[in-house]
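Colleague: Structure, please.
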Amino acid sequence: MIEIILARHGETDWNVAEVFRGRIDVELNETGVKQAELLGGYLSEIKIDAVYSSPLKRALKTAEVIAGHHALKVNIVHGLIDFDYGEWQGLSHQEVKEKYKALYADWIGRPEQLKMPDGERLEDVRKRAMVVVNDVIKKYDGAVVLVSHRVVNKVLICALLGLDNSHFWNVKLDTCGISNFSYEGGRFILTKHNDTSYLKPVQEAPLIDF
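Modeller: Got it, this is the predicted structure:
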């Protein structure tokens, strides 16, 4: 049986400040590094066959910590890179709401129909990320960790559950949260979602899905 573990990277300063990151290569902050270490320790208790990661530093650092517990090399794949927010990248949540009122309303209300100015659609994310998943289930027969980003993992969770991208906002995902799927008989089965139980030593306030 194959187990897919979708992990979101640890916290960055831009998560805390609610700044849209996208392809900007923001690094983990101190809390994010500690979160990655706690996640790595948590996943050290199971046998992991491979670790895949987005090429961006915040995901790659998280992946390297996980892989280090298993003497594995991280497989860096573009298919897991963060959503291209285009013109929104580097802007705060509040700036986007004020400057792009109509577009932001579509992002909240109809995310599956929206193309970011100079950026991507959720369907673009779905196609490239599913290439990675399909490759993994062909190559392995055990547990594989995919370390990526909020938007990518939300889209993947919808895809693996057979839901379209209109359900994007029905999924909550915190920094360093993991969601597990087993793959049996051609079907993905959700066995755990947004598990952050291991983060209690550094969780000073409720985590935010941003």
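
Colleague: Name the nearest residue to the residue positioned nearest the centre of the chain, sequence neighbours excluded.
Modeller: Nearest to the geometric centre of the chain sits His149, at 2.8 Å (Cα atoms, centre = their mean). Closest residue in space to His149, ignoring its immediate chain neighbours: Asp82 at 4.1 Å, by Cβ to Cβ, 6 or more residues apart in numbering. Glycine gets a C-beta too; all of them are placed from N, C-alpha and C.

Colleague: cool, and Glu37?
Modeller: Using Cβ to Cβ, 6+ apart, the closest residue to Glu37 is Val65 (5.8 Å).

Colleague: And the helix or strand where that neighbour lies, what does it pack against?
Modeller: Take DSSP states H and E as the rule and Val65 turns out to sit in helix 57-68. In terms of contacts (3 or more Cβ pairs under 8 Å, 6 or more residues apart in numbering; DSSP states H and E), helix 57-68 is packed against strand 2-8, helix 30-43, strand 50-53, strand 74-76, strand 143-148.

Colleague: Please work out the angle formed by the directions of that helix and strand 2-8.
Modeller: Here helix 57-68 points in a direction 140 degrees away from that of strand 2-8 (axes from the mean of the first three to the mean of the last three Cα atoms, to 10 degrees).

Colleague: just the angle between helix 57-68 and helix 30-43, please?
Modeller: Using the same axes, to 10 degrees: helix 57-68 against helix 30-43 is 30 degrees.

Colleague: longest single strand anywhere in the protein?
Modeller: strand 187-195 (DSSP state E).

Colleague: what comes up buried for that one?
Modeller: Residues 188, 194-195 are the ones in strand 187-195 that count as buried (16 or more other Cβ atoms under 10 Å).

Colleague: Report how many residues lie close to Asp25.
Modeller: 12 (other Cβ atoms under 10 Å).

Colleague: Helix, strand, or coil at it?
Modeller: Secondary structure for Asp25, judged by DSSP: H, G, I helix; E, B strand; the rest coil, is coil.

Colleague: got it, and Val152?
Modeller: Val152 ends up helix, using three-state DSSP.

Colleague: who's in contact with it?
Modeller: By Cβ atoms under 8 Å, 6 or more residues apart in numbering, the contact set of Val152 is 54, 80-83, 125, 129.

Colleague: so can I have a markdown table of those showing neighbour count and pLDDT?
Modeller: Output for the contacts of Val152, formatted as a markdown table (neighbours: other Cβ atoms under 10 Å; pLDDT from 0 to 100):
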| residue | neighbour count | pLDDT |
| --- | --- | --- |
| Ser54 | 26 | 98 |
| Leu80 | 28 | 98 |
| Ile81 | 21 | 98 |
| Asp82 | 26 | 98 |
| Phe83 | 25 | 98 |
| Val125 | 27 | 98 |
| Ala129 | 24 | 98 |
